[in-house]
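# How does the following fold in three dimensions:
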Amino acid sequence: MGLDISFVACPRDQLSEVGEFRKVNALLQWVNNNVMSVENCAYIPISKEVLEILQGTLNQLTTDNCQELFPTQEGFFYGSTEYDEHYWEDVADVKVWVDETLAHFEFE
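Numbers count the residues shown, from 1 in each chain. This is a model prediction of the structure:
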């Protein structure tokens, strides 16, 4: 078992995956804290405004504030909770995806 987060577009009731992250538990924790509680295999609407807030959070991250702004989540299935090079690689991957999505995705 693992922690997978997929972002899907739903134009006219047809699902299309537009992003996927594996074991990025800080992203799960951020959604839990800033959008709504994440349930297993449930869809959560993520608006452009929410992605802009996430982008702002990611742009502010430093080694001094990451545990407060983009914390990891404890739990057996949630992956690493360390703030090590893997955490920062995940942050970079999420940031690239958010930046590209905000720049190119048609939210309407």
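# contacts and neighbour counts: CA atoms only from here.
Fine.
# ok, now how distant is the residue nearest to the spatial centre of the chain from Pro71?
Most central in the chain under C-alpha atoms, centre = their mean is Leu27, positioned 3.6 Å from the mean C-alpha point. Going from Leu27 to Pro71 by C-alpha to C-alpha, to the nearest Å gives 8 Å.
# So the residue nearest to the centre of the chain belongs to a helix, correct?
Yes: secondary structure of Leu27, determined by DSSP: H, G, I helix; E, B strand; the rest coil: located in a helix.
# which one is it nearest to, not counting chain neighbours?
In space, not counting the residues next to it along the chain, Leu27 is nearest to Phe70; the distance is 7.4 Å by C-alpha to C-alpha, 6 or more residues apart in numbering.
# Looking at the protein, which helix is longest?
When the chain is parsed with DSSP state H, its longest helix is helix 85-104.
# Contact partners for the residue nearest to Leu27?
With contacts defined as C-alpha atoms under 8 Å, 6 or more residues apart in numbering, Phe70 is in contact with 26-27, 29-30, 57-58, 61.
# for Phe107, same thing?
If you count contacts by C-alpha under 8 Å, 6+ apart, Phe107 has them with 47-48.
# From Ile46, how far out is it?
10 Å.
# what about Phe21, which helix or strand?
strand 16-22 (DSSP states H and E).
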